[in-house]
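In: How does the following fold in three dimensions:
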Amino acid sequence: MKAKPTESELEILQVIWQKGKVTVREVHEHLATIKDTGYTTTLKQMQNMHAKGLLHRDEQNRTHTYTAAIEEQATQKNLVQNFMASAFGGSAKNLVMQALGQGNPSKEELDEIRAFLDQIENEK
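Out: Residues are numbered from 1 along each chain as shown. Below is the predicted model of the structure:
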């Protein structure tokens with residue numbers, strides 16, 4: 001993995017992973033619906049993310065467009081592995097137990113979790 005994204009960088013990446021190719025304005029407009037942020041702040045963050053290798057920038061048109069340089073699934077996997085190692089001593093069980101204890105998973109979510117556990121068990 002290139003650089004480890006910060007929390008605010010992950011917010012930007014979520015928008016880009018959802019939409020694919022975006023402008024700074026599109027990202028800013030989305031972020032403005034969930035938090036108070038300025039356009040220049042979003043612009044600077046995306047420029048920094050490009051410099052860090054987290055984003056690709058297409059400069060062919062007057063308005064630059066950005067795409068993610070890192071994959072969503074690979075990023076999530078890496079972040080979870082790091083979090084599990086640092087906060088739960090590497091224990092997947094403790095992480096899952098804590099996560100399930102925090103929320104109120106729906107029956108559908110629990111069914112998906114059971115199916116996933118069955119799949120993992122059958123692969124061994």
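
In: how about the helix or strand of the chain with the lowest mean pLDDT: buried residues?
Out: Ranked by mean pLDDT, DSSP states H and E, the helix or strand of the chain with the weakest confidence is helix 92-102, at a mean of 88. For helix 92-102, burial by neighbour count (16 or more other C-beta atoms under 10 Å) applies to L95. C-beta here means a position set from N, CA and C on the backbone, and glycine is covered the same way.

In: Show me what it is packed against.
Out: helix 72-87 (3 or more C-beta pairs under 8 Å, 6 or more residues apart in numbering; DSSP states H and E).

In: For the least confident helix or strand of the chain, output the C-alpha coordinates as CSV.
Out: Output of helix 92-102 as CSV, limited to C-alpha atoms (Å, rounded to 0.1, in the frame of the first residue of the first chain):
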residue,chain,number,x,y,z
ALA,A,92,-9.9,-11.2,14.9
LYS,A,93,-12.3,-12.7,17.5
ASN,A,94,-11.9,-9.7,19.8
LEU,A,95,-12.4,-7.3,17.0
VAL,A,96,-15.5,-8.9,15.7
MET,A,97,-17.0,-9.4,19.2
GLN,A,98,-16.4,-5.7,20.0
ALA,A,99,-17.9,-4.6,16.6
LEU,A,100,-21.0,-6.7,17.0
GLY,A,101,-21.4,-5.6,20.6
GLN,A,102,-21.4,-1.9,19.6
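
In: Run the angle between that helix and helix 72-87 for me.
Out: 100 degrees (axes from the mean of the first three to the mean of the last three C-alpha atoms, to 10 degrees).
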